[in-house]
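Please find the sequence and the predicted model below.
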Amino acid sequence: MAPCVSPWGYEVINRWNPTATDPNRSFYDNSPAEESAAVMALVQRMGGDIFAHIDLHETTDSDETEFRPALSARDGLEYIEGSIPDGFYTVGDTDKPSPEFQKAIIDSVRTVTHIAPPDENNQIIGSDVVQNGVINYPTKKLGLCAGLTNADFVSTTEVYPDSDKVTDQECNDAQVAAIVGGLDYLLALR
């Protein structure tokens, strides 16, 4: 278990680290993010197969009001306004989607907080919803933390603490429910 992979970003509510690198998108060889490189080295030293990987995230309003405009400016791109999904959702791996695992997580979280609805295009953050509250990304290709291992069961959780519909405690409880739902599913396989 790796606690907060990007403590500086967490403390200042910013996706980037102090060098304007996004650690969560830096899980690849020769990573420019010290945080990502340290976690990759830890996993490498552990050796062996990793059965499951759950990556807990939260997205705040500052992602849209500060980070995305700054990212566009840094990269010389036009900023296109988006929105933060209001609710909890998971991101599975396109190459290993494990839909039953994702469903178990969502069903567990649903007992504590609301699940993010899809937009008018049946998408969450520009990705097609594959089941209630679930989208998939090519995690390895994008250098995401969930692509760090070759685990058969991977999920990235997203909770929205700035929602008017939840408290901070409910967001924390949702992350705990995600872990419990995922572990209960995995234990039932044995």
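In hand now; what should we look at?

how about the residue nearest the centre of the chain, what does it touch?
Centroid-nearest residue in the chain: residue 156, 3.5 Å away (criterion: C-alpha atoms, centre = their mean). Residues in contact with residue 156 (C-beta atoms under 8 Å, 6 or more residues apart in numbering) are 54, 55, 56, 57, 90, 91, 137, 139, 144, 145, 146. Every C-beta, even on glycine, is put in place using the N, C-alpha and C of the backbone.

quick one: which of these is nearest residue 179?
Among the contacts of residue 156, residue 54 lies closest to residue 179 (C-beta to C-beta), at 6.0 Å.

did I read that right, the closest one in a strand?
Yes - using DSSP: H, G, I helix; E, B strand; the rest coil, the assignment for residue 54 is a strand.

ok, it - contacts?
Per C-beta under 8 Å, 6+ apart, neighbours of residue 54: 105, 154, 155, 156, 157, 178, 179, 182.

re earlier: secondary structure element for the residue nearest to the centre of the chain?
strand 153-159 (DSSP states H and E).

repeat for residue 183
Short version: residue 183 belongs to helix 168-189, going by DSSP H and E.

mind checking how far the most far-flung residue of the chain relative to its centre is from residue 36?
Residue farthest from the centre of the chain, counting by C-alpha atoms, centre = their mean, is residue 190 at 26.3 Å. According to C-beta to C-beta, to the nearest Å, residue 190 and residue 36 sit 31 Å apart.

Chain neighbours aside, what residue packs nearest to residue 74?
Using C-beta to C-beta, 6 or more residues apart in numbering and skipping residues adjacent in sequence, the residue nearest residue 74 is residue 20, 6.3 Å away.

again with residue 86
residue 163 (5.0 Å).

Next, give phi and psi for that neighbour.
phi -60, psi 140 (degrees, to the nearest 10).

number of nearby residues for it?
20 (other C-beta atoms under 10 Å).

Could you measure from the residue nearest to the centre of the chain over to residue 91?
4 Å.

got it, and residue 1?
19 Å.

same question, residue 125
9 Å.
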